[in-house]
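Asks: quick one: sequence and predicted model below, then my questions.
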Amino acid sequence: MWWTALEHEHSRLVLRLSRDPRLLAGVAGALAHVAERAGYDARARDDMAAAAEEVCRDTFPLLTEADPRLSVIIEDFADRIEVTLEHNGQAVPTAGLESFAFPGAKQTGRSSGLGLLARVDRVTYDGKSGTSRMTLVKYLRTQPGRK
């Protein structure tokens, strides 16, 4: 029996950003490229880019003078894309994650975590050893016909 398995080459892109919001266009562009190549439709690409930009914006104020960089790691897998945001300093969730635990909590000018969950399929957060790490996951709904 002959068959061809679609192989997926895992890729990883690391961007290191200062607090300059103009750099968010680069994050959105890189993420759109990776998502398009992986076979995501336009809406999924836009949702993922908007979610990543939202988390970046909410994280910028948490960056310290001692380490004012935000690492954005974009990885694609056969069934999903993961965007991980890492920074040193204040170990608190970004992007209004308090709304996940307390959906009725009044937001005070911060973006809503519930809106974030409408754009991605999964959000994880880990804060250990002075490093905060949030990962956004968007699953591929259909397997693309890769060449």
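Replies: Perfect, I can see it now. Residues are numbered from 1 along each chain as shown.

Asks: quick check: pLDDT value at the residue nearest to H10 when sequence neighbours are not counted.
Replies: Leaving out its chain neighbours, the residue that sits closest to H10 by CB to CB, 6 or more residues apart in numbering is F77, at 6.1 Å. No exception for glycine: its C-beta is placed from N, CA and C like everyone else's. We have a pLDDT of 94 for F77.

Asks: need the phi and psi values for F77.
Replies: phi -120, psi 180 (degrees, to the nearest 10).

Asks: give me the number of residues near it?
Replies: 14 (other CB atoms under 10 Å).

Asks: R12 is in contact with that one, correct?
Replies: No. Using CB atoms under 8 Å, F77 is not in contact with R12, being 10.2 Å away.

Asks: tell me which helix or strand comes right after the helix or strand bottoming out on mean pLDDT in the chain.
Replies: Here the helix or strand of the chain ranked lowest by mean pLDDT, DSSP states H and E is helix 98-101, holding a mean of 42. Sequence order places helix 113-119 as the next helix or strand after helix 98-101, per DSSP states H and E.

Asks: pLDDT averaged over that following helix - what is it?
Replies: 72.

Asks: partners of V123 in the sheet?
Replies: Beta-bridge pairing of V123, defined through DSSP bridges, involves L136.
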